[in-house]
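> Next input, structure requested:
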Amino acid sequence: MTTLDIEGVANIRDVGGMPAAGGRIRSGVLLRSGQLSGATAAGAGELGARVRRIVDLRDGEEVAAEPSEIEGPDTLHLPLFLGSVRSFFEADTSLDDLYLHLLEESGERLVAAVRVITSGEPTLVHCTVGKDRTGVTVALALAAVGADREAIIEDYALTESQLPAERSRRIAAYLRAQHPEAVHAVALATQSPAPVMRALLERIDERWGSAAGYLRANGMTDAELDALTVALVEPA
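Now for the predicted structure:
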């Protein structure tokens, strides 16, 4: 993976380069990040030059609070959470349960997000911090085309170190004050532990056979899965 330095955008990287069945993931085709609302003029210009499609996984409340308009790329809004982000903190949801919720409740939208990548055009997938919704979507796409499992897990785990440290400290303090009895709130907002993604991928295999099986069960066709492989995998 290649971390990028784009003014005003946190946690942005190109997942190209990781090993995959028959080759490696192409560079420049699939990028991931946090929200784009803080992008400077220079940052927005660079994004516009790098990508042709943007998939915004935030809900309407998040988009209204932090709108972003990057000139050039087509932007598709696909809110993954059924309910507000706030509700997960109020319920003290764990990362494991959050990701299972995404798989069970947002299958068609996860497929719609992955379907954008099948075009082969440079695509950026993002949510608010680029950790959970983005992490699950990107992991599904990569696993479906046979990307190395440990590389997928490593990419997910990298996010925690890419989040602005001051932001993470501020949010952790706020959550402890607002939800003093919560066990999972800080992890939900700031952490991306490798074991969580490893467990998620194992759960997908157990229940759907594979990531491709999960996507197929939620509406993706074999032709689309083939197109995803062509878009993402550079033959050896």
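
> for stretch 170-187, how far is the first residue from the last?
13 Å (Cα to Cα, to the nearest Å).

> start the count at 4, not 1, going forward
Let's use 4 as the start, then, which means that last one is stretch 173-190.

> center of the protein, which residue is that?
In the chain, the residue lying closest to the centroid (Cα atoms, centre = their mean) is residue 137, at 1.3 Å.

> Quick one: residues contacting that residue.
35, 36, 37, 60, 128, 129, 130 (Cβ atoms under 8 Å, 6 or more residues apart in numbering). C-beta here means a position set from N, CA and C on the backbone, and glycine is covered the same way.

> pretty sure the fifth one contacts residue 56?
No: counting by Cβ atoms under 8 Å, residue 56 is not a contact partner of residue 128; they are 9.2 Å apart.

> Neighbour count: the two, which is higher?
Remark: of residue 128 and residue 56, residue 128 carries more neighbours, 28 against 16, as counted by other Cβ atoms under 10 Å.

> What does the more buried one show for phi and psi?
phi -110, psi 130 (degrees, to the nearest 10).

> same thing with residue 81?
phi -130, psi 80.

> so what pLDDT did it get?
On the pLDDT scale, residue 81 is placed at 96.

> same check, this time on the one 4 residues further on
pLDDT, the model's per-residue confidence, is 66 for residue 85.

> Give me the distance from the helix-or-strand element of the chain with minimal mean pLDDT to the chain's centre.
Using mean pLDDT, DSSP states H and E, the weakest-scoring helix or strand in the chain turns out to be helix 88-93, at a mean of 76. Here the centre of helix 88-93 is set off from its chain's centre by 19 Å, with Cα atoms, centre = their mean, to the nearest Å.

> Ok, stretch 113-122 next?
The answer for stretch 113-122 is 12 Å, by Cα atoms, centre = their mean.

> send the alpha carbons of that stretch over as PDB?
What follows is stretch 113-122, C-alpha atoms only, in PDB (Å, rounded to 0.1, in the frame of the first residue of the first chain):
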ATOM      1  CA  LEU A 113     -21.900  -2.900  -0.100                       C
ATOM      2  CA  VAL A 114     -22.400  -4.600  -3.500                       C
ATOM      3  CA  ALA A 115     -23.300  -1.200  -5.000                       C
ATOM      4  CA  ALA A 116     -20.100   0.300  -3.700                       C
ATOM      5  CA  VAL A 117     -17.900  -2.600  -4.900                       C
ATOM      6  CA  ARG A 118     -19.700  -2.500  -8.300                       C
ATOM      7  CA  VAL A 119     -18.400   1.000  -8.900                       C
ATOM      8  CA  ILE A 120     -14.800  -0.400  -8.800                       C
ATOM      9  CA  THR A 121     -15.600  -2.900 -11.600                       C
ATOM     10  CA  SER A 122     -15.400  -0.100 -14.100                       C
END
